[in-house]
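In: Here is my input; please provide its structure:
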Amino acid sequence: MVKTQDIPILYRRGKNTPDRRILDSITREFSWDASQNGHDQERWETLLTREWLVTNGLGGYASGTVSGAPTRRFHGVLIAALPTPDGRTMMLNDVSEQVLLPGGELIDLGGEETSTGVSNFRALSHLQAFRLEAGLPVWLYRFNDGKNALQKRIHLVHRQNTAHLTYQWHGAAGITLRLRPGMHFRPHEGQLSGLDPKRYSCQVKKDWLEIGNHSELPILRIGINRENAAFHPDEKTIPDLRFLVEADRGYDYQGDLWSPGYFELQLEPEKPVSLIASTEYLQALEALDPDEAFHAEMERRRRLISVANPALQDAFGGELVLAADQFLITPTGRVADTARALAAGDEIRTVIAGYHWFTDWGRDTMIGLEGLTLATGRHAEAGYILRTFAHYIRDGLIPNMFPEGENSGLYHTADATLWFFHAVHKYVQYTEDRATLRLLLPQLCDIVDWYVNGTRFGIKVDPKDGLLSQGADGYQLTWMDAKVDDWVVTPRRGKAVEINALWYNALRLLEEWTREERSEETEQKFSGYADRAFESFNQRFWYDEGRYLYDFVDGEGGKNDPALRPNQLFAISLEHPVLEEKYWEPVLEIVERKLLTPVGLRSLSPDHPDYKPRYFGDLRARDAAYHQGTVWAWLVGPFIDAWLKLHPGAFSEARKFLLGFTDHLSEGCIGSVSEIFDADPPFTPRGCIAQAWSVAELLRCWVKTSAVDSAAVHDQDIEKHAGDYVIR
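Out: Numbering: from 1, shown residues only. Below you'll find the model as predicted:
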């Protein structure tokens, strides 16, 4: 019988260096007893709720479930990142697979979703194992009582809109493989209905199918990299695909696909064959064959691990490094911005806030910068990101976010710009790049002037107390930004606790930077602002009855809000804490007791009447719970920062707050960290399947709580277990 461990890990090229062995060891695996062909609940849970994600460094991606059955509108083989105004576009939704065995048995490999959520179990009974190898998905199907096996993998070429599906047969005799591509060109968040098969055309040119739909979208090219592959024209519509997660989320969930026909090819033992799908020009597409492209990608991943912090140079840390890489992109769709950066001898970079539906968000980028780029050794890219966002500063604000397929950002945020100061500080700490600091310093000083004098959305320092106030009708300006139509769920207008913690931190940082740059007059100005904010903060925000901080003061009608939320942590956790030290212990005690969970912090205390234990239902129901108890993974970062200030040097104790994530990396999006979780056990993952600041803060705190010496990189074969995580 062919066992999972008998199938070789696919990449074995290169020297046997420590980082090479770390890359080989990053394997997260699920396997099943092939004899259990009944409706095994645990197996179904894994097949249908675990998802995988592969990205291309441009914002494009491929994603799906372990089973292969799509449950989201975002599941597909190639979601291309196209220039503005198209943005991310579904180009190849699916490739259905049939195997014709030597005895004549024809087997469908994929699952089939139905309106009741029951898949074609008989087809999936051949799926013996699924695993991530160095972050890339691999499926293993077995046949003939386990005597033969088919292995499939998928990867995207870095900085290309090109997907490779590779198949390799392990058996005594060859088999026939049939591959049918199915597609509906649409924005990746677009409507599922409206497919018009008459608009699609297919031409065979040289070795490629060229598929278009009479629009300005690029041609989709599909080909097979073997001469014995034949294309059989057999145009058809694949009707009534049902995306059950979309139904649960209150979106349209049913649509059709169009297929031009199918490929038929012979798979000889141990000779891999790849289906290639791409929107690139032929010259770029044909520059690398699939084997060369795969090994180039694995070498790129090896280098990512080799430059990361030594605390990340083991299998678990390496997995976080690869997860972080998925969010760092070159936004080539914004052509004018790219041209400006290149003309200045720079490059443009940004951060996708979360997959599948988020674009680049200023707040998420600045919070995640240290974990995604600095702790991973990608210092140059951190500088690119800071200088990219500096270009977009308007009226003292950096953009809150960039809508899909647009060049201009939206600026409705009070805190993203203040997080920019934090990110610059961390960047200079790591790199000592004073040239970039000097470049940005005039803009940073200008931001403070805008905030003092007043800018958009009511963002202005109150001259009575030196605290920063914000608020405008119809806008949600803090990170607690849920909004449904005209309903702002948590408006928090007034003087929010974390906004003022960030304001004070920014002022102290500017005081330091201007002192170092010998600008005494400016230094004194910022010092004066900071002193006044510090005094007022400690007078105004301490809620003596609860022994913690108000969430905001001077709200509508002069209200001070005593809701117990995690936002108060920033008054301790930032480089320059605005909260007097005598208050730290009671704040941390109640936050740990009421808000801390194994996968982050609740956004509201369970004792509050607005507390929502589950994040579920249609958009209105979900947004009503988004910041009313829902657990946010990224908040574990400021909690650990604050906790270590109260317990300096207690790194092993702090590490315990992260251990819940070791199991989580085997649920949701395998190998990554979800955006949010239900507020009550079992803390079901929700929201985006992979979130930038969730990964960034786990990675950053993994380094911060590590006792790994810089020389203590694993140099021998090891075996460890952490949940489903296996190092071999």
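In: list the contacts for Gly345?
Out: Taking Cβ atoms under 8 Å, 6 or more residues apart in numbering, we find Gly345 in contact with no residue. Using the backbone N, CA and C atoms, a C-beta is placed for each residue, glycine as well.
In: distance between the ends of stretch 545-555?
Out: One end of stretch 545-555 sits 19 Å from the other (Cα to Cα, to the nearest Å).
In: do stretch 91-104 as well
Out: With Cα to Cα, one end of stretch 91-104 sits 33 Å from the other.
In: what about it, distance to the chain center?
Out: For stretch 91-104, the separation from the chain centroid amounts to 30 Å (computed by Cα atoms, centre = their mean, to the nearest Å).
In: For that stretch, list every residue counted as buried.
Out: If you call a residue buried by 16 or more other Cβ atoms under 10 Å, then stretch 91-104 has these buried ones: 91-100.
In: what about that stretch, average pLDDT?
Out: Averaging pLDDT along stretch 91-104 yields 92.
In: Contacts for it next, please.
Out: 70, 75-80, 106-110, 141, 143-144, 150, 152, 161, 163, 165, 173-185, 217, 220, 222, 257, 275, 277, 279.
In: pLDDT below threshold where in the stretch 51-200 of the chain?
Out: Scanning the stretch 51-200 of the chain for pLDDT under 70 picks out the ranges 111-123.
In: State the distance from the residue lying farthest from the centre of the chain to Gly174.
Out: For the chain, the largest distance from the centre (Cα atoms, centre = their mean) belongs to Gly103, which lies 44.7 Å off. As judged by Cβ to Cβ, to the nearest Å, Gly103 and Gly174 stand 13 Å apart.
In: Let me know the closest of the buried residues of stretch 91-104 to Gln628.
Out: Using Cβ to Cβ, Asn93 comes nearest to Gln628 of the buried residues of stretch 91-104, at 35.5 Å.
In: Name the nearest residue to that closest one, ignoring sequence neighbours.
Out: Gly76 (4.7 Å; Cβ to Cβ, 6 or more residues apart in numbering).
In: Check Arg28 too.
Out: Computed as Cβ to Cβ, 6+ apart, the closest residue to Arg28 that is not its neighbour in sequence is Leu132, at 4.6 Å.
In: Tell me what that neighbour is bridged to.
Out: Taking DSSP bridges as the rule, Leu132 bridges to Arg28, Pro137.
In: Count the residues that sit near it.
Out: 23 (other Cβ atoms under 10 Å).
In: circling back: switch the buried residues of stretch 91-104 over to CSV; also include secondary structure and distance to Phe639.
Out: Output for these, formatted as CSV (DSSP: H, G, I helix; E, B strand; the rest coil; distance: Cβ to Cβ, whole Å):
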residue, secondary structure, distance to Phe639
Met91, strand, 41
Leu92, strand, 42
Asn93, coil, 41
Asp94, strand, 41
Val95, strand, 43
Ser96, strand, 46
Glu97, strand, 45
Gln98, strand, 51
Val99, strand, 50
Leu100, strand, 56
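In: Can you tell me which of those residues lies closest to His425?
Out: After measuring the buried residues of stretch 91-104 against His425 - Cβ to Cβ - the closest member comes out as Met91, at 41.0 Å.
In: ok, that closest one to Thr279 distance?
Out: Distance, Met91 to Thr279, using Cβ to Cβ: 6 Å.
In: what is in contact with these two at once?
Out: 78, 80, 161, 220.
In: residue contacts, the first one?
Out: Contact analysis of Leu78 by Cβ under 8 Å, 6+ apart lists 60, 62, 91-92, 156, 161-163, 220, 277-279.
In: Let's see that with 6 Å instead.
Out: Listed by Cβ atoms under 6 Å, 6 or more residues apart in numbering, the contact set of Leu78 reads 91-92, 163, 277.
In: Three-state assignment for it, please.
Out: Secondary structure state of Leu78, per DSSP: H, G, I helix; E, B strand; the rest coil, is strand.
In: Relative to Val157, how far out is it?
Out: Remark: distance between Leu78 and Val157 (Cβ to Cβ) = 11 Å.
In: swap in the last one?
Out: Counting by Cβ to Cβ, the gap from Leu220 to Val157 is 15 Å.
In: and which of the buried residues of stretch 91-104 is nearest to Arg378?
Out: Minimum distance to Arg378 across the buried residues of stretch 91-104 is 28.6 Å, recorded for Met91 (Cβ to Cβ).
In: Could I get the contacting residues of Trp479?
Out: Trp479 makes contacts with Arg363, as judged by Cβ under 6 Å, 6+ apart.
In: going forward can the numbers begin at 49, since that is how I track them
Out: All set: I'll call the first residue 49, so the last point we hit is now Trp527.
In: Look at it and tell me its secondary structure.
Out: Quick answer, by three-state DSSP: Trp527 is coil.
In: How much space separates it from Val252?
Out: For Trp527, the distance to Val252 (Cβ to Cβ) stands at 52 Å.
In: For Arg588, which non-adjacent residue is spatially closest?
Out: Closest residue to Arg588 apart from its sequence neighbours, by Cβ to Cβ, 6+ apart: Val601 at 5.1 Å.
In: does that neighbour have beta-bridge partners, and which?
Out: Lys543.
In: Surely it touches Gln587?
Out: No - assessed by Cβ atoms under 6 Å, Val601 is found out of contact with Gln587, at 10.0 Å.
In: Surely Ala356 and Gly425 touch.
Out: Yes - contact status for Ala356 versus Gly425: in contact at 5.0 Å, counting by Cβ under 6 Å.
In: Comparing the two, which shows the higher neighbour count?
Out: Using other Cβ under 10 Å, the more surrounded residue of Ala356 and Gly425 is Ala356, with 24 against 20.
In: who's in contact with that one?
Out: 369, 424-425.
In: Thanks a lot, catch you later.
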